[in-house]
Each structure stands twice: as C-alpha cells, then as structure tokens.
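In: Structure for the following, please:
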Amino acid sequence: MNLKGCSSDALAKTKTNYDNFLSDPANLKAVKEQLQRSDLSPDQHKVLGVLERTFKCYITEDPAASQLKESLNEQEAKLAAARNTMKLGYTDPETGSFTPASSVQLRNLMRVADNEAVRKSAYEGLRSVGPFVCEAFLKIVKDRNKLARLLGYQDFYDMKVTAAEGFGKARLFEMLDDLEVKTRSIMETARERLATEKGPAALEPHNQSHALAGDTTKATDPYFPFENAVDVWGRTFAALGIQYDGSVMTLDLCDRQGKYSNGFCHWPQPAWRHADGRWVPAHANFTSLATPDQLGSGKTALETLLHEGGHAAHFANVDQYSPFFSQERAPTSVAYAENQSMFLDSLAGDAAWLSRYAVSREGQVMPWQVVEQLVRNTHPYSVFMVRAMLVVPYFEKALYELPEDQLTPQALQTLADQAEERIQGGLSPRPLLSVPHILADESSCYYHGYVLAEMSVHQTRDHFLGKYRAIVDNPQVGADLTSCYWRPGNGSLFLDLVRQLTGKPLAADAWVARLQLPTEGLLDKEKQEYEAAVKAGPKFKPGQEVDLGMRVRLVHGDELISDSETDGGFQGACAKFKAWVRQQYFSGN
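Out: Purely as a prediction, here's the structure:
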C-alpha cells in the first residue's frame, strides 16, 4: 500500500503470528473440552461451534506443514512487494516513451483510448505481469499443493474451497459446469454479433473493451463526477436503510505509486458483542485505484464504493457473541461475502438508480437516451462478464491439477491462454496472470465465490422485485439484508442463507434468464422504471446530510483529507474531499 511503517517483512510476520494462533492444536483441544459441558447455553454452544469450525480450517499437526505455511507466508509477501513495485506501464506508440501506469489504468486505457496502438501497448503492459511473477509464483504453487496434500486434500484448490464453502472442489465445479454449459452458446452468439457490428478486429483482446465500452463510457462519464462519488454512495445506502452500527471507515480511493493493484476492504477490528451485551463496532479500511481526471474513473469509483461499501456494511452488522463470526477468512464463505457487495454494486446498472443518482456537475440527470444507449451497448454482451468470471476458477483448477514436473513458465502462460480461449472464446482483455487474486493466499482459489455470489445476486434481486416491486430507495431491502444475510455472520452456511431469504436453493436460473432476455423487452421495463424514478427523485437530495451510523475518514496514503467526526458530519467530510480532488486533479482546468 506504500504507507509509512509498512513492510513485506512485517506483513509476513503478522500473518504468520495469526496463522500460528489459528493452527495451535491447544486452542482446538480447549474448545472441544468446553463443548462437552452439559451446562452450556445455546449462545455459548453456538460460539464454541464456530470456534471449532475455524480452528479445524487451520490446524496442521504435521510440523512439516507448519514450516511450509510459514515459508509460504514469506514467499507470498515478497512476491506481493515485487509485484506492487514492478515497472508497469505502456510505451507511447508515437514517441516511444514509457508511461508508468497501474493495471487498473492500463485496463481503463483499453476501454477509452481511441488509438488502437495505445490500446495494444496497454494490453502488452498487462501481459508483462505474467513473465515478471511466473518464477516466484510457480514455486508458491508447488508449495501450496505440497501443503494441501500433507493435510489430506487432493490439491490446494480442493483445500481452499472445502475450508471456505463447506463442500469440495468436485461439488463446486458441478455448479460452475452447469453455468458454463448454459452460457456457452450465448457467448458464441455475442462474439458473432460483436464481429458483425464492429468488425472482426473488435474480438482482439486489446480492442474488445473499447468496442464494448468506448462510446458508452464517453456518453455516461459526465454523469459520474468522481468528486461526488462518496456523497452518492452515502445517499444510496442511507435510502436503502443501511446502517454501519458505529463503525469507523477509512477510505483510500485514489491511485498512487506502489499501491496494491486491486480494490479491497479489510477489518483491523471485526464487529462483535460481548456476553454482557456491550457492542464492539467494526473498523474497516477500504481502497480503490481511481485516477479522477481519467475518462470513466467516476463510474468505476462509484461501483467500487458500492461494492466495497457493501462488504463493510455486511461485516459491520454481524451481531454475534464472538469476533470469529465476522472475520473474513475461512470458514467465512467467499460466496457469502461477495454476494453482499455484488448485490449492492448491481444497483449502478438499474435505470431506477441511474435516474436518481447519475447526475452531472451541472445537476442534470442522465437522459433516457444515454440509459438506452447503455442498455443497447451492454446487455447483448453481458455474457462476457460471466465468462470472464468463470475463466479464473477454471484456470486455477487446471493449474493446481498440473503435475509438478510440468509447472514451467511456458506451461503457465500456455495454460492461461488456453483457459481464456476455451472459456472466453479468445484471449482475454484482462490476461489471467495479471489478476492479482491468484497470487495472494487469502484470495487465491477465491474467484469462484464471485460466480456463486452473482448467481445469488440475481436470485436475490428476483426475490425482492417479486416481494416489494422495487429495490432502489427501499429501506425494507436494507432491513431484510441486515436481518437475514448479515446478522448471522459465518455461523450459517451461505447456501442455507440464500434458501432462507429467497425460498429457493441457489441456482443459475435467474442469471441465465436475465442473459436471455431480449434487449427490447428489457428496454421497455427499464424505461418504465426510469420515468417513475425521475418523477420521484432520490430520497436524499445531493448534499443532504445522511446518518449511516459511522465515522468516515477519507485519506490519500498517510494524508488525512477529511473526517466526518471533526468536519461537520458525513457531508462535511464529502465537501472537503471534493475540494481536495478538484485541487489535486483539476486545478489547471
């Protein structure tokens, strides 16, 4: 993160200390002894049960396994530090000069740059991540598999999914295979359509994002001013009735050199309740990689705020008698965690939300013509997102199943390319080896969670629309999310929670039905919602004070920009942040 006092060595040390605590057999032994007591209350039994589940995910009685875990922590920390400081960027095709750029900036360039040579250079910049990390990463892959097999699993992927989701790799890929089969023909049709509409070159990895989003991004950009993103996020969540229950949130939104190359949200302090009823609110840190003066950055920032802010809302509302229910590692289900954030960031694609919250600096609501263009340009190709999500778990599955003597740099790149071609129909605009999740222990063999979560998002949306007829600005939605999905924490299984809220087992049906919906039918529905929402307006007007039940700190690295506790509330903090953004990025305009 390029913060003062931080180092890869310190990170590895704290992670090892945490792992040692979780994997100490004495802790599991003590929990099992307490579970034998006959005088336990239901709450005490529940707490001991989640402690037992958690410790079982990490106990490694074999000394060799413990040593291997410590070595992996050190290897992963060194690789993360190297990846964060690598010389990443693109070469200007006209001048030949090298321009440093983060992976997020490179991907954004591929969306908005009109010069194909610039887009190709940005893509090549992303492709350079693979060769840079491959040697160290392959050693990590081998050691991860050794660790998993020492502990009795098929491989590392099987170990990770079993610990996090409560079922094994075979069951996971039964579910993913069903989605893959049901969306393959939709993808093939979409690729044929794109080639027909934009020319065969649009299918090239460096051109695809631009062909899909170039015009749309330019049309929508004025309605997503970056400096207003925090205000819009706050008003959106307040109108849904979402509260953060006394949390402290630190937001670090803008890109800078050496910053971790992906948005995330983590909790130095999980939320929990003491046995005597005292409440311990969460402390959350979340980050994104925005470049405010870059085309499309405002929409990206807002979607990140809705997503990571959704994670923060979820974990802020876990109300159980131990912090073990609200910590983010196994046995907390990846799909469970991502379902909350992805449901909330899905609002940014709804006409009912756009007509309330997508507003220009001049106060103009996004016109229907722009919303219509957005739907026409994106809906027929929304299957590409499905396939881009699916490709990561299929690649990691193949990677950890590859015999150790075949794990070479060339084989790694070939495996990645083959996965992209099989699942996405061609090389991907986001090369697999540039996806940061695959490198770090906590996010490796994790991406399937996004897929299962997106299944749940569509199923949950169908449930709310059927029950309440509206999601945006509906406080009952926030109440139901809080009581059913959030309060239990990892004390309930993800699949059980989905069935409990929606009344159905998790399935891909709602997602596939959305993909199959004709564009004209979707437009008719969206136009009705747009017109009704324009008439109603947002529940909270721009700049109106809202109470989210939290303290918000906006920072840029070690610099404190604003603090709702000392700057006059949420809107006071937003006002100072807006001024800072204007000064830092737009002062020459």
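In: looking at this structure, which helix or strand is least sure?
Out: helix 8-22 (a mean of 84; mean pLDDT, DSSP states H and E).
In: buried stuff in that helix?
Out: By neighbour count on 16 or more other CB atoms under 10 Å, the buried set for helix 8-22 is S8, L11, A12, K15, T16, D19, L22. Any C-beta I mention is one placed from the backbone N, CA and C, and that applies to glycine too.
In: who touches it?
Out: For helix 8-22, the external contacting residues (CB atoms under 8 Å, 6 or more residues apart in numbering) are 27, 54-55, 57-58, 66, 69-70, 73-74, 76-78, 80-81.
In: Would you format the buried residues of helix 8-22 as a markdown table with distance to E338 included?
Out: Shown next, in a markdown table, are the buried residues of helix 8-22 (distance: CB to CB, whole Å):
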| residue | distance to E338 |
| --- | --- |
| S8 | 27 |
| L11 | 23 |
| A12 | 26 |
| K15 | 22 |
| T16 | 27 |
| D19 | 23 |
| L22 | 22 |
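In: what's the closest of these to F570?
Out: Top of the list for closeness to F570, among the buried residues of helix 8-22 and by CB to CB, is L11 at 31.7 Å.
In: how close does the closest one sit to E559?
Out: Computed as CB to CB, to the nearest Å, the L11 to E559 distance reads 22 Å.
In: Please apply the same query to R184.
Out: Noted for R184: a distance of 48 Å to E559, by CB to CB.
In: returning to that earlier point: how far does the least confident helix or strand of the chain sit from its chain's centre?
Out: Remark: helix 8-22 is offset 24 Å from the chain centroid, using CA atoms, centre = their mean, to the nearest Å.
In: any idea which helix or strand comes after that helix?
Out: Using DSSP states H and E, the helix or strand that follows helix 8-22 in sequence is helix 25-35.
In: Give me the contact list for that following helix.
Out: With contact meaning CB under 8 Å, 6+ apart, helix 25-35 is reached by F21, L40, H45, L48, G49, L51, E52, F55, K56, I59, E61.
In: Reformat those residues as a markdown table; add distance to T99 and secondary structure.
Out: Formatted as a markdown table, those follow (distance: CB to CB, whole Å; DSSP: H, G, I helix; E, B strand; the rest coil):
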| residue | distance to T99 | secondary structure |
| --- | --- | --- |
| F21 | 44 | helix |
| L40 | 62 | coil |
| H45 | 59 | helix |
| L48 | 56 | helix |
| G49 | 54 | helix |
| L51 | 51 | helix |
| E52 | 53 | helix |
| F55 | 49 | helix |
| K56 | 49 | helix |
| I59 | 49 | coil |
| E61 | 52 | coil |
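In: filter these to the buried ones?
Out: Members of those classed as buried by 16+ other CB under 10 Å are L48, L51, E52, F55, I59.
In: Can you give me the end-to-end span of stretch 222-241?
Out: In terms of CA to CA, to the nearest Å, the two terminal residues of stretch 222-241 are separated by 28 Å.
In: when you give positions from now on, start the count at 39
Out: Happy to do that; since the first residue is 39 now, the last one works out to stretch 260-279.
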